[in-house]
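S.K.: Below are the sequence and a predicted model for it; my questions follow.
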Amino acid sequence: MLEHLRAPGGCAWDREQTHASLVQYLVEETYELVDAIEAGDDTELVEELGDVLYQVIFHSDIAAEEGRFTLEDVAAHMTAKMVGRHPHVFGDAVADTPDAVMARWDELKRVEKPARESVLDGIPQGMPALALAAKLVGRAEKVGLSPASADAVPASEAGLGDELLATVVAARAAGLDPERALRDALRRLQDDIRAAEQV
């Protein structure tokens with residue numbers, strides 16, 4: 001279908017798209033998928049999964065037209081990667097707890113990507129600040145760092161949400177930008193992680 005849309009005589013808009021021009025739509029469709037998951041609406045979930053899949057197909061079609069790779073290449077790579085990362089399922093390795101699986105996963109990633117010198121390599125900096133913070137705290141723990149923590153942690157996600165919202169409200173009242181403040185703190189945390197890796 002996409003080949004037809006992007007072929008001469010097809011859709012002028014689809015024809016002029018590039019990997020870069022489609023990024024905004026991929027991000028938007030991903031957030032719409034998250035909304036559908038959180039809403040628990042299967043009809044919406046089917047639609048939004050389809051929209052994300054369409055983005056994969058679209059990017060693959062652009063690349064295929066340029067002679068770079070095809071959708072089949074993407075699927076084959078994903079299959080090989082998942083088989084390779086699950087030797088406890090497709091091979092003789094043993095990993096019978098989620099923690100053991102994650103430890104094996106990290107070990108295999110290190111072997112697959114030997115050029116990565118830091119636990120920070122490969123983390124997309126464009127992630128939303130809170131998601132990036134959660135990821136970086138996990139990486140900090142891997143190098144023995146314990147970033148500053150609150151004295152009391154809420155007992156539920158609802159309580160945590162209320163505290164986060166209260167922090168945003170207080171920041172706004174003080175004329176502070178909570179997103180920028182958190183990103184600045186995360187840059188400092190990344191500097192600390194890189195310094196810890198050099199020890």
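M.R.: Received, thanks.
S.K.: In the longest helix along the chain, which residues are buried?
M.R.: Longest helix of the chain, by residue count under DSSP state H: helix 42-65. Neighbour counts over helix 42-65 (16 or more other Cβ atoms under 10 Å) mark 48, 51, 55, 58-64 as buried. Glycine gets a C-beta too; all of them are placed from N, C-alpha and C.
S.K.: the domain parsing of the protein - what is it?
M.R.: Using automatic domain parsing, the domain parsing of the chain gives 2-72, 125-199.
S.K.: re the thing from before, check which helices and strands the longest helix of the chain sits against.
M.R.: If you count contacts as 3 or more Cβ pairs under 8 Å, 6 or more residues apart in numbering; DSSP states H and E, helix 42-65 packs onto helix 2-6, helix 19-39, helix 71-84.
S.K.: Let me have those helices in CSV, extended by mean pLDDT, distance to Lys135 and mean neighbour count.
M.R.: Formatted as CSV, the helices and strands packed on helix 42-65 follow (pLDDT from 0 to 100; distance: least, Cβ to Cβ, whole Å; neighbours: other Cβ atoms under 10 Å):
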stretch, mean pLDDT, distance to Lys135, mean neighbour count
helix 2-6, 86, 33, 14
helix 19-39, 95, 16, 13
helix 71-84, 96, 20, 12
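S.K.: Of the ones you listed, which is nearest Leu176?
M.R.: helix 19-39 (25.1 Å; Cβ to Cβ).
S.K.: got the angle between that closest one and helix 42-65?
M.R.: In terms of direction (axes from the mean of the first three to the mean of the last three Cα atoms, to 10 degrees), helix 19-39 departs from helix 42-65 by 160 degrees.
S.K.: neighbouring contacts of helix 19-39?
M.R.: 44-45, 47-49, 51-52, 54-55, 58-59, 62-63 (Cβ atoms under 8 Å, 6 or more residues apart in numbering).
S.K.: Quick check: the two most widely separated of those residues?
M.R.: Glu44 and Ala63 (29.2 Å).
S.K.: from the contacts of helix 19-39, which is closest to Ala185?
M.R.: Of the contacts of helix 19-39, the one sitting nearest to Ala185 (Cβ to Cβ) turns out to be Val52, at 30.9 Å.
S.K.: which regions of this structure sit below the pLDDT cut-off?
M.R.: Judged by pLDDT under 70, the chain has its weakly predicted residues at 150.
S.K.: one step back: go through the helices and strands packed on helix 42-65 and name the closest to Pro124.
M.R.: Taking these one by one with Cβ to Cβ, helix 19-39 is closest: 11.3 Å.
S.K.: which ones are touching Arg104?
M.R.: 85, 87-88, 93, 95.
S.K.: For stretch 80-94, report the contacting residues that lie outside it.
M.R.: 95-96, 100-101, 104-105, 108-109, 112.
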